[in-house]
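A.B. asks: next input, structure requested:
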Amino acid sequence: MIGVSVQIRGHLAMLAFSALVAGSFSLGGLIANEISPSALTAVRFLAASVILGVLAILTGGIPRSAIQAPWRYFLLGSLIGVYFVLMFEGLKTAPPVSTAAVFTLVPLMAACFGWLLLRQITTRRMALALAVGGLGALWVIFRADLRALLGFDVGRGEAVYFVGCISHALFAPMLKAVNRGESSVVYSFLFTCAGFVILAIWGWNSLLVTDWAALPWLVWATILYLAVFATTGSFFMLQYAARVLPAAKVMAYTYLTPTWVTCWELALGHGAPPPLVLCGIALTVVALALLLKDESA
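C.D. replies: I've put the predicted structure just below:
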């Protein structure tokens with residue numbers, strides 16, 4: 001049985017994860033039309049790989065055993081690479097708060113993948129929380145417009161990003177399913193490197209045609225944030241928490257993302273969403289509270 005202190009660390013890791021990830025939506029929305037999503041993600045992964053590589057060396061190096069079965073890292077790198085590319089593609093047309101709401105649908109999908117891959121059971125309380133959170137997410141995605149909801153009039157950006165979220169939901173349980181005891185830093189370094197290789201091959205043309213010297217300073221600042229905090233930091237937090245908490249509970253913290261994004265938007269001077277949309281965000285917070293209350297799951 002996992003010790004309580006270990007579980008608490010897992011929850012703290014996911015709290016930090018949600019705060020770090022939220023910045024990706026607001027900052028990403030500012031630069032989404034300045035650079036190709038594949039080029040942006042490839043450079044982001046390259047920078048994160050360098051940072052994680054240095055950390056791995058400083059914390060004991062990379063054991064030879066960790067390099068066994070490299071297909072694991074390419075699988076994980078592919079899943080998270082698809083997610084990030086489609087995220088920035090979606091942000092070209094979808095508002096940050098709306099895409100953050102789409103992200104809150106990940107726990108429901110993660111619960112399904114968690115059961116399929118790891119036979120992790122979803123309790124009644126967790127199912128209720130996922131339903132409440134999903135309802136809140138849909139309310140925000142459709143911008144509190146009941147007609148749009150009933151007609152399933154979803155924007156292109158939200159639809160594109162939803163496909164990426166499926167990849168992210170599968171990524172969470174796969175982290176635990178294919179891990180063979182590697183440390184958090186080594187594990188994150190190897191699948192981030194694999195992700196960069198895949199993205200560099202897939203988005204080679206985008207990398208070549210991008211005028212890197214002419215990019216606005218905000219793009220470089222965002223790349224730095226994404227590499228240091230939203231990639232290196234969040235990968236480490238997510239990967240650690242996935243080992244000690246059920247997949248659905250790990251991804252429950254995504255319910256905080258719209259709240260964090262709203263804070264980011266206010267800080268950037270973009271204003272708050274309409275009151276009715278805020279009601280949907282409130283439901284996602286209720287869902288998080290329900291999931292965290294059931295510590296025995």
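A.B. asks: what residue ranges in this structure are flagged as low confidence?
C.D. replies: 1-4, 118-122, 143, 148-153, 247-248, 251, 292-297 (pLDDT under 70).
A.B. asks: now Ala16: closest residue in space, sequence neighbours ignored.
C.D. replies: Closest residue to Ala16 apart from its sequence neighbours, by C-beta to C-beta, 6 or more residues apart in numbering: Met237 at 5.2 Å. In short, each C-beta sits where N, CA and C put it, glycine included.
A.B. asks: for Leu207, that is, sorry about that
C.D. replies: Leaving aside its sequence neighbours, Leu207 sits nearest to Ala39 (C-beta to C-beta, 6+ apart; 5.1 Å).
A.B. asks: which helix or which strand is home to the residue nearest to Ala16?
C.D. replies: helix 234-244 (DSSP states H and E).
A.B. asks: and if you look at Val140?
C.D. replies: helix 124-141.
A.B. asks: how many other residues sit next to Gln239?
C.D. replies: The number of residues packed near Gln239 is 25, by other C-beta atoms under 10 Å.
A.B. asks: same thing with the one 4 residues further on?
C.D. replies: Using other C-beta under 10 Å, the number of residues around Arg243 comes to 17.
A.B. asks: and what of Val197?
C.D. replies: 18.
A.B. asks: tell me if I'm right that it and Gly77 touch.
C.D. replies: Yes - between Val197 and Gly77 there is a contact under C-beta atoms under 8 Å: 7.4 Å.
A.B. asks: quick one: the helices in the stretch 51-200 of the chain?
C.D. replies: Secondary structure of the stretch 51-200 of the chain (DSSP state H, counting those that start in this stretch): helices at 71-90, 96-103, 106-118, 124-141, 146-150, 156-177, 184-202.
A.B. asks: show me what counts as buried in the fourth one.
C.D. replies: Buried residues in helix 124-141, counting neighbours by 16 or more other C-beta atoms under 10 Å, are found at 126, 129-130, 132-134, 136-141.
A.B. asks: what helices or strands is that helix leaning on?
C.D. replies: In terms of contacts (3 or more C-beta pairs under 8 Å, 6 or more residues apart in numbering; DSSP states H and E), helix 124-141 is packed against helix 96-103, helix 106-118, helix 247-252, helix 275-293.
A.B. asks: these: which one's closest to Phe162?
C.D. replies: helix 96-103 (5.4 Å; C-beta to C-beta).
A.B. asks: what separates stretch 182-195 from the chain centre, distance-wise?
C.D. replies: Taking C-alpha atoms, centre = their mean, to the nearest Å, one finds stretch 182-195 lying 16 Å from the centre of the chain it belongs to.
A.B. asks: quick check: buried residues in that stretch?
C.D. replies: Buried residues in stretch 182-195, counted by 16+ other C-beta under 10 Å: 182-195.
A.B. asks: ok, the residue nearest to Ala16 - contacts?
C.D. replies: 13-14, 16-17, 20 (C-beta atoms under 8 Å, 6 or more residues apart in numbering).
A.B. asks: and if you look at Val106?
C.D. replies: Counted by C-beta under 8 Å, 6+ apart, Val106 has contacts 165, 168-169, 172, 251, 254.
A.B. asks: try it again with 7 Å
C.D. replies: 165, 168-169, 251, 254 (C-beta atoms under 7 Å, 6 or more residues apart in numbering).
A.B. asks: compare the residues you listed and tell me which is most surrounded.
C.D. replies: Result: Met251 is most packed of the contacts of Val106 (other C-beta under 10 Å), 34 neighbours.
A.B. asks: ok and the helix or strand hosting Ile8 relative to helix 184-202, angle-wise?
C.D. replies: Ile8 belongs to helix 4-31 when assigned by DSSP H and E. Relative orientation of helix 4-31 and helix 184-202, computed by axes from the mean of the first three to the mean of the last three C-alpha atoms, to 10 degrees: 30 degrees.
A.B. asks: that concludes my questions; thank you for your assistance.
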